[in-house]
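1. kindly generate the corresponding structure for this input.
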Amino acid sequence: MGEQITDTRMRRPVITARAAATFEPVGRSVATARAFVRDTLQGWGHSDIVDDAVVLTSELVTNAVVHAGTAADVLCLRTDGGVRISVADRYPEREIPLQNTGQAMVHPDREGGRGLLLCGALASRWGVEYTTDRKRVWFHLDLPDRPAGTRAAGPALPVDALPVADTRVRVAVIQIDRGGCVTFWNDDAADLFGYDPEQVIGKPLSDFAAWPHTPGTGTGIAEALQLSRWEGSYGIRDAGGRVVPVYASHLRVRDADGEASTVCLLVRDHERAILQSPQRQPSTETAGTAEGRPADPFEVFIGSPAPDDLDGLLQRTVERARDMLDGDAAYLLLATDDETELEVRASTGLPSARQRFARVPVEAGSGRYGSARMPAVHEDLTAVPGAVPLLAGTGMRSVVTVPLKVEGRLTGSLGVAAESPGRYTNEEALRLQFAADRIALAVERARLTELEKLRRGSLSFLVEASDLLAGTLDRDQTLALMAQMTVPTLATWCAVYTVADQTSEPELSYVLHEDEDRIDGLKTLLRKVPPPEPDPTPGARVWTAPADAAHDAALRTSLRSLGLEESARPSRGPGATLATAAAVGGETVVLPLVARNRVIGMLTLGKPTEEHFRQEILELAEDLSRRAALALDNARLYSERTAISQSLQRSLLPPELPDIPGVEVEVIYRAAGEGNEVGGDFYDLFPIRDGAYGFAIGDVCGTGPEAAAVTGLARHALRLLAREGFGGPAVLERLNAAILDEGARSRFLTLLYGELWPQEDGSAVLKVVCAGHPLPLRLRQDGSVEPAAEPQPLLGVMDDLELYEQTVTLDPGDVLLCVTDGVTERREGTRMLGDDGLSDVLTTCTGLTAGAVAARVLRAVERFAAEPASDDMAILALRVPEFPAA
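-> Numbers count the residues shown, from 1 in each chain. Now for the predicted structure:
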């Protein structure tokens with residue numbers, strides 16, 4: 001027992017850090033305990049002893065939770081001389097095998113007592129402590145000697161094995177406040193991304209970051225900035241609009257005032273070794289379960305704990321695959337539901353922004369390596385150009401790819417590539433296939449979970465989109481809604497083309513970009529490009545014309561800026577053209593807008609340079625295009641109907657009012673609703689003969705074509721009959737007969753008709769007939785108001801009408817006010833303006849001109865109720881001016 005007894009005469013160690021955790025008596029606790037110890041020691045900077053500590057902890061925790069069947073308490077203590085770890089269980093009666101009791105030594109392959117053998121072999125010191133309720137096994141690991149201040153160290157390497165970096169390494173330092181806005185931007189950040197500090201400080205980092213993340217799933221940039229520490233790859237859009245792939249390390253800190261912020265260190269992605277933390281090595285496979293089962297292969301490959309989102313899991317997978325085969329790059333593709341295409345979802349060592357969501361066919365050829373369903377090894381890609389399109393132009397020479405399969409179904413493909421030829425053989429393919437088999441099920445589960453989230457989000461998106469589209473019948477507003485719903489949720493930019501009819505060319509009707517400064521340049525570019533063909537075939541199709549045109553324009557601009565090409569006219573400058581080229585340089589797709597078996601337009605969606613759409617987003621865009629097409633066609637039909645109605649309505653009103661000597665005339669007409677119905681109220685004022693004028697104001701029952709027919713009949717019949725010399729009663733009696741002749745299409749009509757003769761003495765004589773219409777009101781100079789006619793039967797009801805006319809003389813200063821029932825029947829709850837209310841308003845109009853009288857009446861009607869008017873209104877004011885002062 002000499003090794004188990006602590007020398008009390010030794011100096012008592014000073015404890016500088018402490019970490020403790022309790023693990024339930026379940027099998028999974030062993031892996032969790034290993035991860036706890038590994039993370040604790042790495043956090044303390046003791047990576048040199050991590051492997052030994054994890055192996056010993058694994059064995060002791062296994063003894064506690066599996067054999068003793070109790071919870072395990074793990075305590076980690078850091079001292080000035082090393083690390084002490086103890087594992088306590090709650091079963092002190094269980095026998096501990098000792099070496100010096102005469103018992104046979106425990107065989108290493110036997111489970112019982114193996115942990116203590118390992119303690120004796122690996123630990124600097126170890127021991128066992130008993131209390132009444134528990135047993136504690138502890139071990140101490142001395143720290144290796146290393147230079148002062150060293151936290152972690154790696155072996156010395158030859159120069160050709162060192163990571164490659166630029167001659168001048170630039171590390172961008174960006175500080176982000178708790179609101180996600182930039183507060184500091186160093187000189188290296190300005191050099192890397194082309195923005196001066198004053199251009200970015202105060203703006204959200206999300207305005208510049210091209211985050212490799214699908215909306216609604218995984219971790220977004222806002223969430224990542226709130227984490228205590230984060231490390232990974234994404235992109236930054238530079239001043240020219242291009243995405244610069246970067247590797248970043250984020251650390252959450254607080255200042256002396258307690259204000260939290262995030263410090264971000266960024267380097268170019270190919271220089272990630274400068275910031276990348278050493279890959280955490282999984283515990284050795286000898287650390288298995290108590291029954292001799294090997295450690296979980298998925299956990300061994302991915303590491304523990306595994307990322308809980310698909311993007312994180314895929315990124316971890318490609319990084320581990322690259323490191324496992326010592327490659328320069330790796331990528332992972334997921335299969336579409338029909339297994340006909342593969343979509344790039346994660347990559348490392350490649351331009352991730354260019355590769356993400358790119359699609360390739362599963363069956364690329366008939367050769368040995370023509371199918372993604374089988375493992376493949378390409379020793380030299382230069383010998384078979386185009387064999388792996390994703391690696392074209394990347395400098396990769398050799399590649400090994402293996403399929404991911406679940407229950408015999410292809411779910412994806414994993415590939416590792418190297419810059420030198422001949423790096424991989426069938427042996428590496430077998431190793432990679434072994435790893436792929438272990439992760440395929442986990443990847444498929446994560447994919448299905450993400451897909452379910454995306455589908456739920458898509459359903460919510462479509463419901464909201466349908467509500468918005470159904471809420472308007474305005475064509476321009478519908479076009480704007482279509483674009484605003486797709487940008488930036490589905491695409492970076494959007495253009496809507498409309499087709500008037502089958503013989504018309506598509507017309508660019510609306511353009512939107514997530515960066516408003518890019519809209520004008522994008523619109524100019526698209527107008528120079530022939531529009532896409534109005535193909536009714538469902539689904540999204542790729543359209544390369546904008547990207548090709550943008551590339552050509554950018555090239556010509558660059559040549560002109562270098563003086564290598566003559567320019568007949570000055571350009572906007574290379575910056576604007578290059579920015580536009582970057583804005584449309586990615587994948588562009590066209591979706592047909594088909595409604596009622598006719599192509600009425602195209603919805604065009606685009607990504608910036610080297611970005612692609614994922615298949616689920618295209619399917620969502622296709623669903624949206626069907627709804628948008630119907631809404632756009634409904635808006636078109638409504639606009640056409642409204643235009644016809646308004647044109648017909650205008651034809652039923654006089655084109656202009658004649659000037660009547662000695663009489664002021666003012667007419668105000670307000671149609672209720674949105675102008676989609678014709679008919680209702682009307683008015684007219686026309687010359688009959690020299691010195692005589694006719695005026696009329698009426699209201700046809702109902703609206704629509706039938707009412708419009710009666711309105712047109714009335715207005716034209718009045719003019720015709722009056723000019724034939726018939727008096728007021730005769731004109732209305734003949735009009736009544738004409739209305740009744742219409743039969744079932746007839747509508748009854750209230751009408752005030754009068755004839756006016758200006759007099760030499762400044763007065764005016766009127767003869768009026770009021771057939772069921774609100775009575776005209778006369779305002780005298782003294783402010784008194786009285787009806788100017790008596791009520792008589794309305795038209796269109798009875799065959800035999802006996803009407804009479806009444807003569808009224810308007811003296812200078814008098815006003816005759818004629819209105820329709822839309823004025824007198826204006827309501828607010830149970831209140832109604834009525835004839836009395838109108839008389840009260842008119843009393844206040846003494847001395848006003850005809851225009852001012854009509855305006856005051858209209859204002860009083862509008863203010864009477866908060867709700868908009870529900871009926872048409874017509875106001876006709878006639879005023880005889882006063883004699884000018886002597």
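2. gap between residue 429 and residue 59?
-> Taking C-beta to C-beta, to the nearest Å as the measure, residue 429 and residue 59 are separated by 35 Å. Every C-beta, even on glycine, is put in place using the N, C-alpha and C of the backbone.
3. poorly predicted segments of the stretch 101-250 of the chain, please.
-> 101-115, 145-155, 211-220 (pLDDT under 70).
4. quick one: the strands in it?
-> 125-130, 135-142, 172-177, 182-185, 209-210, 229-237, 243-254 (DSSP state E, counting those that start in this stretch).
5. helices and strands around the shortest one, which ones?
-> Looking back up the chat, that one is strand 209-210. Judged by 3 or more C-beta pairs under 8 Å, 6 or more residues apart in numbering; DSSP states H and E, the packing partners of strand 209-210 are strand 229-237.
6. mind giving me the packing neighbours of the strand it packs on?
-> helix 187-193, strand 209-210, helix 221-224, strand 243-254, helix 352-355.
7. can you give the contact residues for the third one?
-> Counting by C-beta atoms under 8 Å, 6 or more residues apart in numbering, the neighbours of helix 221-224 from elsewhere in the structure are 180, 205-206, 209, 211, 213, 230, 232, 234, 250.
8. and it, how far out from the chain middle?
-> 16 Å (C-alpha atoms, centre = their mean, to the nearest Å).
9. quick one: buried residues of it?
-> The neighbour-count check on helix 221-224 (16 or more other C-beta atoms under 10 Å) flags 221, 224 as buried.
10. residue 255 is in contact with residue 261, isn't it?
-> Yes: between residue 255 and residue 261 there is a contact under C-beta atoms under 8 Å: 7.2 Å.
11. which of the two has more neighbours?
-> Neighbour totals were compared for residue 255 and residue 261, and residue 261 leads with 17 against 8 (other C-beta atoms under 10 Å).
12. return the residues in contact with that one.
-> If a contact means C-beta under 8 Å, 6+ apart, then residue 261 has 175-178, 183, 252-255 as its contacts.
13. surely it forms part of a strand?
-> Yes: read with DSSP: H, G, I helix; E, B strand; the rest coil, residue 261 is one of the residues of a strand.
14. are we agreed that residue 67 is in a helix?
-> Yes: membership of residue 67 in a helix is supported by three-state DSSP.
15. do you know how far it is from residue 58?
-> Note on residue 67: its distance to residue 58, by C-beta to C-beta, is 13 Å.
16. count of neighbours near residue 395?
-> Using other C-beta under 10 Å: residue 395 sits among 11 other residues.
17. that older thread, which one's more surrounded, residue 67 and residue 58?
-> Remark: of residue 67 and residue 58, residue 58 carries more neighbours, 26 against 15, as counted by other C-beta under 10 Å.
18. for the more buried one, pull up the helix or strand it's in.
-> Here residue 58 sits within helix 50-62, counting by DSSP states H and E.
19. that helix to strand 135-142, inter-axis angle?
-> Angle of helix 50-62 versus strand 135-142, following axes from the mean of the first three to the mean of the last three C-alpha atoms, to 10 degrees, is 180 degrees.
20. show me what helix 50-62 is packed against.
-> By 3+ C-beta pairs under 8 Å, 6+ apart, helix 50-62 packs against helix 28-44, strand 72-79, strand 82-89, helix 114-122, strand 135-142.
21. hang on, the earlier thing: what is the nearest of the contacts of helix 221-224 to residue 881?
-> Set against residue 881, the nearest of the contacts of helix 221-224 by C-beta to C-beta is residue 206 (68.4 Å).
22. list the contacts for the residue nearest to residue 188 when sequence neighbours are not counted?
-> Spatial nearest neighbour of residue 188, excluding adjacent residues (C-beta to C-beta, 6 or more residues apart in numbering): residue 170 at 4.0 Å. Shown in contact with residue 170 (C-beta under 8 Å, 6+ apart): 188, 191-192, 267-268.
23. and if we set it to 7 Å?
-> By C-beta atoms under 7 Å, 6 or more residues apart in numbering, the residues touching residue 170 are 188, 191-192.
24. of the residues you listed, just say which sits nearest to residue 778.
-> Using C-beta to C-beta, these come closest to residue 778 at residue 192, 83.8 Å.
25. that closest one reaches residue 174, doesn't it?
-> No: counting by C-beta atoms under 7 Å, residue 192 sits too far from residue 174 to count as a contact (10.3 Å).
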